[in-house]
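Engineer: Here is the input, now give the coordinates:
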Amino acid sequence: MAQAYEVLEMLCPAGGWIINGNTYESITWVDERPRCTESQFEAGFAQYDAWKAQQDAQTIADKTTATAKLAALGLTADDLKALGL
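Structural biologist: Predicted structure coming up:
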């Protein structure tokens with residue numbers, strides 16, 4: 001099950017919040033960035049696992065694409081590391 005901070009990172013990725021607990025009431029909004037509602041926060045716990053799986057799949061797809069582009073140029077990830085990139 002997702003933690004409250006993970007739900008907030010999903011719903012409000014730009015930040016603007018501090019949380020000390022697992023309830024909506026434990027959120028301290030520190031600026032005027034867009035905020036989630038209590039109902040969005042509560043629903044976020046059910047949505048988080050699917051969202052995280054999608055994020056992880058996108059990261060793998062991006063890495064695969066980057067590796068293919070490097071290979072097309074005749075490079076490897078180790079070549080980039082040797083160059084300090």
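
Engineer: Let me know the helix or strand that A46 is in.
Structural biologist: Per DSSP states H and E: A46 is located in helix 38-72.

Engineer: Counting by contacts, list what that helix packs against.
Structural biologist: When contacts are defined as 3 or more Cβ pairs under 8 Å, 6 or more residues apart in numbering; DSSP states H and E, helix 38-72 packs onto helix 4-11, helix 77-82. C-betas here are computed from N, CA, C, even on glycine.

Engineer: The residue of the chain most remote from its centre in helix, strand or coil?
Structural biologist: Most distant residue from the mean C-alpha position of the chain: G74, 31.5 Å away (Cα atoms, centre = their mean). Following DSSP: H, G, I helix; E, B strand; the rest coil, G74 is assigned to coil.

Engineer: can you pull the contacts of it?
Structural biologist: Contact criterion Cβ atoms under 8 Å, 6 or more residues apart in numbering gives no residues in contact with G74.

Engineer: Same list, the helices and strands packed on helix 38-72, but as a markdown table with mean neighbour count and distance to I18 please.
Structural biologist: Listed next are the helices and strands packed on helix 38-72 as a markdown table, based on neighbours: other Cβ atoms under 10 Å; distance: least, Cβ to Cβ, whole Å:
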| stretch | mean neighbour count | distance to I18 |
| --- | --- | --- |
| helix 4-11 | 18 | 9 |
| helix 77-82 | 11 | 37 |
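
Engineer: So which of these is nearest F45?
Structural biologist: Taking Cβ to Cβ, helix 4-11 is the member of these nearest to F45, at 5.8 Å.

Engineer: Let me see the residues that make contact with that closest one.
Structural biologist: 17, 19, 21-23, 26-27, 36, 40-41, 44-45, 47-48, 51-52.

Engineer: Next, the distance between the ends of stretch 1-16.
Structural biologist: For stretch 1-16, the first-to-last residue distance is 23 Å (Cα to Cα, to the nearest Å).
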